[in-house]
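Undergrad: sequence? don't have it. structure:
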Ligand SMILES: Nc1ncnc2c1ncn2[C@@H]1O[C@H](COP(=O)(O)OP(=O)(O)OP(=O)(O)O)[C@@H](O)[C@H]1O
Ligand SMILES: [Mg+2]
């Protein structure tokens, strides 16, 4: 019984890792860049949602606050691409890595200055309610997180696999020059991708702040999400979610069954094991790729 | 206005400090196949890239159907009806063949895309059996066909074809040139064809230009170029060995 609760809690955490990992993969799939500020964008999305929705702040209805936060973060993602990334267009990958790491720090300090450093919880309709299956009591928030994440991942997957824009995003990353030749507006596509990554970060932030609490350093769990993306193959959306779920599950069980102090190593040990046995991740996609 | 579909005037393009084409002028009349010949590094690809907007020219003008298009974004130029089929099979390797074709029609919003896919596959039946396969797993020749087919999906008025025969077996070269001829006749598409294979190019083309180190050094109707001694010696490799050829010095190209 306890293990089941542990599992659901782990899955819910894993969903948040998975959603941040989706942000990594989205941007990587479309632009071949890695946005190391994705975790901090999640944190910012959480604070924006709290700022809009909590009684102590603007006090909008929950759904309105969610829609507002997703919209604002979508615009934010697009603005980041336009102002910070586009000038680096065509520069080395490492420039983008350093830029996004530094940008993550900036977001952390800005969030601290605006919302303070104490953890905040987002007011939400299912807070504190429980769902009972026989003798098992599960938090409604955790169930909601899992359902919402599965839905979002499914939608994003369909978007990439089926829509013209989604396929064009993949095309632009696989062969940028050919994308230009086909009349795909590559720069606009990059902007739209960052917009999508911003919206996804907001969704992750809302789920994170609704089931737990958020403070400005919460973005640091982006490292675990990065590990999740790598486990999943860094290019596969379902892989990113799966990687997130694996890390989410490993954590609580390691904390229970492994000596304290060693338990924290567990998620990264999984990462290393996956990389040793499946160097391209579980959902390898890079094999056929032109270098 | 001379009235040709594509008019290129004094075009100059740089790669950084390197001047790659130096004042190119040429015409592609409506409904014509025009060939551009030249050795490696002559600037043929650069010329096509500049026309399709991937490179911005430093000087000069490009007019398409009477309108200036130089310095426009590549997607705007595709929308006007110019599609560039690049050299070296630049396909989208992880997308399926069908998705590659769909990307060829990216700039189109009309409902005829599905019907056009059927029509295009009629020229390349070998792709039909492989629609669901990732394009990166096609053979080199099949990828070349996919690149041409994908270009056709844009429903171009003018096709810029960069060395479609590159690396193909003689039989496939024949096949692809047959398709080019059919496309031109049946769809009324004008073609600017860059080729190393001068023999073949001049067979399908109406008019030809010869480029060397970024300049056009010779031009004329395809028939006349085929007869030209320079072309014979330097591009067609056809030298009837006569007593005169026993001279010790290297023959000089007459345009120098
Ligand atoms: N990206 C680039 N950066 C710098 N110089 C370049 C670049 N691409 C081409 N060049 C140079 O520009 C000149 C023209 O190149 P271009 O590719 O147009 O030749 P080409 O006629 O298409 O040759 P080929 O028949 O080998 O394809 C060459 O001297 C080449 O070295
Ligand atoms: Mg070339």
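TA: Sure, I can see it. On a predicted model such as this, the values are computed, not experimentally measured, just so you know. Ligands and ions are numbered 1, 2, ... in the order given.
Undergrad: Counting neighbours, what do you get for residue A:246?
TA: By the criterion of other C-beta atoms under 10 Å in any protein chain shown, residue A:246 has 23 neighbours. Heads up, the C-betas are built off the backbone N, CA and C, glycines and all.
Undergrad: do residue B:25 as well
TA: With other C-beta under 10 Å as criterion, residue B:25 counts 14.
Undergrad: Now it: closest residue in space that isn't a chain neighbour?
TA: Leaving aside its sequence neighbours, residue B:25 sits nearest to residue B:9 (C-beta to C-beta, 6 or more residues apart in numbering or on different chains; 5.1 Å).
Undergrad: mind showing which ranges of the stretch 151-291 of chain A have poor pLDDT?
TA: Within the stretch 151-291 of chain A, the segments meeting pLDDT under 70 span A:284-291.
Undergrad: cutoff 80 now
TA: A:279, A:281, A:283-291 (pLDDT under 80).
Undergrad: how about the strands in the chain?
TA: Picked chain A for this. For chain A, the strands defined by DSSP state E occupy A:130-133, A:136-139.
Undergrad: wrong one, chain B
TA: Secondary structure of chain B (DSSP E): strands located at B:6-15, B:18-28, B:33-38, B:59-64, B:67-68, B:82-85, B:158-162, B:190-195, B:207-212, B:215-221.
Undergrad: residues near the residue of chain B found nearest chain A, how many?
TA: Distance from chain A to each residue of chain B (C-beta to the nearest C-beta) is smallest for residue B:78, at 3.0 Å. Counted with other C-beta under 10 Å, residues neighbouring residue B:78 total 26.
Undergrad: tell me the domain ranges of chain B?
TA: B:1-81+B:156-256, B:92-155 (automatic domain parsing).
Undergrad: Isn't residue B:71 up against residue B:57?
TA: Yes. Counting by C-beta atoms under 8 Å, residue B:71 touches residue B:57, with 7.1 Å between them.
Undergrad: Show the contacting residues for the spatially closest residue to residue B:30 that is not a sequence neighbour.
TA: The shortest distance from residue B:30 to any residue other than its chain neighbours is 4.3 Å, reached at residue B:5 (C-beta to C-beta, 6+ apart). Contact partners of residue B:5, counting by C-beta atoms under 8 Å, 6 or more residues apart in numbering or on different chains, are B:28, B:29, B:30, B:31, B:32, B:64, B:65, B:157, B:158, B:190.
Undergrad: nearest residue to the fourth one other than its sequence neighbours?
TA: With sequence-adjacent residues excluded and distances taken as C-beta to C-beta, 6+ apart, residue B:31 is closest to residue B:190, at 5.8 Å.
Undergrad: And the pLDDT for residue 38?
TA: By default, I'm working from chain A. pLDDT for residue A:38: 96.
Undergrad: think we crossed wires, I meant chain B
TA: Residue B:38 carries a pLDDT score of 90 in this model.
Undergrad: Could you do residue B:234 as well?
TA: 65.
Undergrad: the helices in the chain, which residues?
TA: The chain I'm using is chain A. Using DSSP state H, the helices of chain A run over A:2-31, A:38-53, A:62-80, A:93-115, A:140-162, A:164-174, A:176-181, A:186-211, A:222-232, A:237-257, A:266-277.
Undergrad: To clarify, I was referring to chain B.
TA: B:44-51, B:74-80, B:97-104, B:113-123, B:125-128, B:140-152, B:170-187, B:198-204, B:222-227, B:229-234.
Undergrad: tell me which residues of the fifth one are tucked away?
TA: By that I understand helix B:125-128. residue B:127 (16 or more other C-beta atoms under 10 Å in any protein chain shown).
Undergrad: which secondary structure elements does it contact?
TA: With contacts taken as 3 or more C-beta pairs under 8 Å, 6 or more residues apart in numbering or on different chains; DSSP states H and E, helix B:125-128 sits against helix B:140-152.
Undergrad: Show me the shaky parts of chain B.
TA: B:1-3, B:229-256.
Undergrad: if you set the cut-off to 50 instead, what comes out?
TA: Under the criterion pLDDT under 50, the flagged ranges of chain B are B:1, B:238-248.
Undergrad: need the contact list for the residue nearest the centre of it.
TA: Most central in chain B under C-alpha atoms, centre = their mean is residue B:161, positioned 2.2 Å from the mean C-alpha point. Contacts for residue B:161 (C-beta under 8 Å, 6+ apart) come out as B:85, B:148, B:151, B:180, B:191, B:192, B:193, B:194.
Undergrad: what separates the fifth one from residue B:106, distance-wise?
TA: Computed as C-beta to C-beta, to the nearest Å, the residue B:191 to residue B:106 distance reads 21 Å.
Undergrad: circling back to that earlier point, how near is the residue nearest to residue B:30 to residue B:184?
TA: 13 Å.
Undergrad: got the contact list for residue A:177?
TA: B:54, B:86, B:90.
Undergrad: nope, residue A:36 is what I was after
TA: When contacts are counted by C-beta under 8 Å, 6+ apart, residue A:36 touches A:97, A:100, A:101, A:104, A:222, A:226.
Undergrad: tally of neighbours for the residue of the stretch 1-150 of chain A found nearest chain B?
TA: Residue nearest to chain B within the stretch 1-150 of chain A: residue A:29 (9.8 Å; C-beta to the nearest C-beta). Look at residue A:29: counted by other C-beta under 10 Å, it has 23 neighbours.
Undergrad: so it sits right up against residue A:170, yeah?
TA: Yes. Taking C-beta under 8 Å as the definition, residue A:29 is a contact partner of residue A:170 at 6.1 Å.
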